[in-house]
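Participant: What follows is a predicted protein model with its sequence.
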Amino acid sequence: MTDFAATKDMFHLPKDVIYLDGNSLGPLPKSAPAAMEHTMRNEWGEMLITGWNKAHWMEKSTSVGDRIARLIGAETGCVIVGDTLSIKVYQALASALELTPDRKVILSDSGNFPSDLYMAEGLIGSLKQGHELRVVAPEDVEANINDDIAILMLTEVDYRTGRLHDMQALTAKAHAHGVITVWDLAHTAGAVDVQLAKAGADFAVGCTYKYMNGGPGAPAFIYVAPRHVDVVRPALSGWLGHDAPFAFEQSYRPSAGIERMRVGTPPVLALSSLEAALDIWDMTTMTDIRAKSQDLTDLFISEVEARCPQLRLASPRDKNARGSQVSFHFHAGYAAMQAVIARGVIGDFRAPDIMRFGFTPLYINEADVIHAVEILQDVMANDRWDHPKYKQRAAVT
């Protein structure tokens, strides 16, 4: 069993703050500054360019990828880290479309993260081959999987409500109709005990700055199933995805395996921070994380509904049907969230009226939940949100 008191002690958490926004940006691992300083001073500072060989910088994208693979139920050698999540979505989607050249429909849902839909629209516009992005309600996805669909592209956990798709069931139906799957794990990795290999997923992508605590702008990852990894063509044929980058050939030859999904230079400093965070993940299992997060979210829902009748649950009530976040509707949700944040409980807001709270057992416990709800109750019962200073929208909500 995981010692969650020990993992909590591994994070820097500001005094008098209850952090319920790790589903948007994880807090700082205490070991991360020293890890980055070591990389900067001892490696970059002393080794200079020789650090690519001596400090094995070039291998970090795959070695870190293998560490992430354990957390998402993926096979070794099928995950690589680097670039941003949007780039990885584009890569996965473009490669997947080439596996089904006779089909033109990308199926997604209205709960998908907008950036994924934007990338699909942009790719369709560039290809100009008659592809269509078909967006349906989340509950209608399964019924719309048929022999016309090329790609099923879904974010497993809805970023607004926490609603959880059944990856195994939807992937099975997709494959029965010859459909390739692309799963976005942005709100899954580090929150849900996802099993990519067991589900038979084709492609998956995700970020490392949320539940994985890699830091702001931490790199994204991409997974390609073993049956595809040596045959897919990388649409973004970056120099480091070449089979022999230092041969400086004029034409592109994809590297073997997951290495072909490299695009740009590995973000070495960011990877050193992410490695420090992954050391904490080595202290736990996703089974333990999932069980604890379900206990915490159940407790939060129960306490909020008992104390804050003004709020209406937006997340699934069934703990097996949601990720590790809980959302509530409130007509003045933005102002109410700012008032709560001002009192030391940090969550966030998603338009039009969602107050969103994330739960990470690595550093959140039952006492934090109870205290957070007490503060929320005070804000709601006394209309403390109803002040002009809480109604002025900031750039990031």
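Facilitator: That came through, no problem.
Participant: which residues in the stretch 101-250 of the chain form strands?
Facilitator: Assigned by DSSP state E, counting those that start in this stretch, the stretch 101-250 of the chain shows strands spanning 105-109, 132-136, 149-155, 180-184, 203-207, 220-224.
Participant: Redo these as JSON lines? Include mean neighbour count, mean pLDDT and distance to Val396.
Facilitator: Just so you know, the C-beta spots here come from the backbone N, C-alpha and C atoms, and that holds for glycine as well. Below are the strands of the stretch 101-250 of the chain laid out as JSON lines (neighbours: other C-beta atoms under 10 Å; pLDDT from 0 to 100; distance: least, C-beta to C-beta, whole Å):
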{"stretch": "strand 105-109", "mean neighbour count": "22", "mean pLDDT": "98", "distance to Val396": "25"}
{"stretch": "strand 132-136", "mean neighbour count": "14", "mean pLDDT": "98", "distance to Val396": "26"}
{"stretch": "strand 149-155", "mean neighbour count": "25", "mean pLDDT": "98", "distance to Val396": "20"}
{"stretch": "strand 180-184", "mean neighbour count": "27", "mean pLDDT": "98", "distance to Val396": "21"}
{"stretch": "strand 203-207", "mean neighbour count": "27", "mean pLDDT": "98", "distance to Val396": "16"}
{"stretch": "strand 220-224", "mean neighbour count": "28", "mean pLDDT": "98", "distance to Val396": "19"}
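Participant: how about those strands, which one is nearest Asp368?
Facilitator: strand 203-207 (24.1 Å; C-beta to C-beta).
Participant: From the contact counts, what lies against the closest one?
Facilitator: In terms of contacts (3 or more C-beta pairs under 8 Å, 6 or more residues apart in numbering; DSSP states H and E), strand 203-207 is packed against helix 85-99, strand 180-184, strand 220-224.
Participant: what's the burial count for the nearest residue to Met58 once chain neighbours are set aside?
Facilitator: Nearest residue to Met58 in three dimensions, chain neighbours excluded: Trp52, at 5.3 Å (C-beta to C-beta, 6 or more residues apart in numbering). Applying other C-beta atoms under 10 Å, we find 16 other residues in the vicinity of Trp52.
Participant: Can we start the residue count at 58 from this point?
Facilitator: Fine by me, first position is 58 from now on; the one you just mentioned is Trp109.
Participant: Tell me how far Trp109 lies from Asn99.
Facilitator: Here the criterion is C-beta to C-beta, to the nearest Å. By it, Trp109 lies 15 Å from Asn99.
Participant: nearest spatial neighbour of Lys111, skipping sequence neighbours?
Facilitator: Nearest in space to Lys111, with sequence neighbours left out and distances taken as C-beta to C-beta, 6+ apart, is Met104 at 5.1 Å.
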